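Trainee: Quick one, structure for this:
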Amino acid sequence: MCGLAVIANERFVSNEYVPHDALKLLVEFLETLNWHWHVVAERWDNIGRSTRPMTTQLAAIETNGAARWISSQYDATFGLQPRGEAKKVMTDATLRRLGWYKKTKDGHANDAARHIGFALLQHFPVEYMQLIGLV
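Mentor: Residues are numbered from 1 along each chain as shown. Below is the predicted model:
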């Protein structure tokens, strides 16, 4: 499973999907909405804290590769982000306050929401500050 979240026209939606369905939805969003997109995904380094290899996440790596290729076909910016940084920027409390928190089986919808928040901070810091109420 993987999370997919979209913020467009001040509207936010998120959910978790099997990778194939998430990629189909990504294509639909990129085809339907007519502006420059920033697509972000969680980076999978396959290295633990002790620098020993962890469980291989081939599906996640392959899904990220497909998302990168799809993004390139629509001239969308694509970036990989570290999980830890996104979690620091968008805590559960922040997600709840924004109305973005969504309980799902594996929590991937919230992970996707966190990555949107982190991408906003990186690419649109003023909008991020307005969103979380600091401006």
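Trainee: Compute the distance between the closest residue to V18 other than its chain neighbours and G133, please.
Mentor: Using C-beta to C-beta, 6 or more residues apart in numbering and skipping the chain neighbours, the partner closest in space to V18 is M1 (6.3 Å). For the C-beta atoms, the positions are set from N, CA and C on the backbone; glycine is no exception. M1 sits 31 Å away from G133, going by C-beta to C-beta, to the nearest Å.
Trainee: Likewise for R11?
Mentor: 18 Å.
Trainee: which stretches of the protein form helices?
Mentor: For the chain, the helices defined by DSSP state H cover 19-32, 58-73, 83-89, 92-98, 108-123, 125-131.
Trainee: So which of these is the most surrounded?
Mentor: helix 108-123 (a mean of 22; mean count of other C-beta atoms under 10 Å).
Trainee: and the angle for that one with helix 19-32?
Mentor: 40 degrees (axes from the mean of the first three to the mean of the last three C-alpha atoms, to 10 degrees).
Trainee: Figure out how far helix 108-123 is from the centre of its chain.
Mentor: 5 Å (C-alpha atoms, centre = their mean, to the nearest Å).
Trainee: by contact count, what packs against it?
Mentor: When contacts are defined as 3 or more C-beta pairs under 8 Å, 6 or more residues apart in numbering; DSSP states H and E, helix 108-123 packs onto strand 2-8, strand 11-17, strand 38-42, strand 77-81, helix 83-89, helix 92-98, helix 125-131.
Trainee: change it to 6 Å
Mentor: In this structure, helix 108-123 makes packing contacts with strand 2-8, strand 11-17, strand 38-42, helix 83-89, helix 125-131, judged by 3 or more C-beta pairs under 6 Å, 6 or more residues apart in numbering; DSSP states H and E.
Trainee: Tell me which strands the shortest one pairs with, and in which orientation.
Mentor: Sheet pairing here is set by DSSP bridges, and for strand 38-42 it gives strand 77-81 (parallel).
Trainee: in the strand it pairs with, what counts as buried?
Mentor: 78-79, 81 (16 or more other C-beta atoms under 10 Å).
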